[in-house]
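Undergrad: Any chance you could fold what I've pasted below:
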Amino acid sequence: MFTKILLSIDDSDMTKHVVDEAVSLAKATGGSLMFLHVIFPLDQPYYDTLFMQPTILYSELQKETQKRNLSEWEQFKQDKENWLRDLCESANSAGTKAEFTLNIGEPSSRICDMARSWNADVIVIGRRGRRGFTEMFLGSVSNYVMHHAPCSVLTVQGPTVAIREASQQ
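TA: Model prediction:
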């Protein structure tokens, strides 16, 4: 049965739905949850082009910018950790044993690595339903995880485009 449930979340609009599904699964199986969020540094809004420039150019300006960006980066990581802690506490108060971890790197491989190292029985992950060129250019974390995970994967489908458009009208 699913006693160790790895819950991979991002900060999309479907996160609450994915969390609710994972908490329900944990309650039904008596399992414990591990909340996982992976920060990908080259994604917006984390990416800063100034870090990619040669260090000999604009040295003083760059040093000051790096100091500011490092403090912003630390604050950003702290905000994500606080967000995970709140989700974890909410799951715990709902009667589910839960913990969390914040990782930095490429999400697809980090999720599979975490599942392997934590010995997860199942990974719960959201799926936005990207297809065709959108999936080809933007990639699909859930698709990669389904094909490379060391355990079962439960994908929680997000609302389809037609449903999203109808709900916005």
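
Undergrad: where along this protein do the helices fall?
TA: 15-29, 59-93, 107-118, 132-138, 141-148, 161-168 (DSSP state H).

Undergrad: give the contact list for I5.
TA: I5 sits next to 22, 25-26, 29, 31-34, 120-124 when contact means Cβ atoms under 8 Å, 6 or more residues apart in numbering. Placement of C-beta: from N, CA and C, glycine included.

Undergrad: Buried ones among those?
TA: When these are checked for burial by 16 or more other Cβ atoms under 10 Å, the buried set is 22, 25-26, 31, 33-34, 120-124.

Undergrad: Switch the residues you listed over to CSV; also include pLDDT and distance to P41.
TA: Formatted as CSV, the entries for these read as follows, by pLDDT from 0 to 100; distance: Cβ to Cβ, whole Å:
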residue, pLDDT, distance to P41
A22, 95, 26
L25, 96, 31
A26, 96, 30
G31, 96, 31
L33, 97, 26
M34, 98, 22
A120, 98, 24
D121, 97, 30
V122, 97, 28
I123, 97, 22
V124, 97, 25
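
Undergrad: For stretch 70-90, list every residue counted as buried.
TA: When neighbours are counted by 16+ other Cβ under 10 Å, the buried residues of stretch 70-90 are found to be 73, 80, 83-84, 87-88.

Undergrad: swap that for stretch 90-103, please
TA: Counting neighbours by 16+ other Cβ under 10 Å, stretch 90-103 gives 91, 96, 98, 100-103 as buried.

Undergrad: lowest-confidence stretch among the helices of the chain?
TA: Averaged per stretch, pLDDT over the helices of the chain is lowest on helix 132-138, reaching a mean of 47.

Undergrad: For the buried residues of stretch 70-90, work out which two are farthest apart.
TA: Using Cβ to Cβ, those span at most 22.4 Å, a distance reached by W73 and C88.

Undergrad: Closest one of the buried ones among the contacts of I5 to D10?
TA: Nearest to D10 out of the buried ones among the contacts of I5 is V124 (Cβ to Cβ; 12.7 Å).

Undergrad: give me the beta-bridge partners of the closest one?
TA: L7, L154 (DSSP bridges).

Undergrad: give the contact list for it.
TA: Applying Cβ under 8 Å, 6+ apart, we find V124 in contact with 5-8, 18, 21-22, 25, 154, 156.

Undergrad: can you redo these as CSV with distance to M146?
TA: Below are these laid out as CSV (distance: Cβ to Cβ, whole Å):
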residue, distance to M146
I5, 16
L6, 13
L7, 15
S8, 12
V18, 15
E21, 16
A22, 16
L25, 17
L154, 10
V156, 12
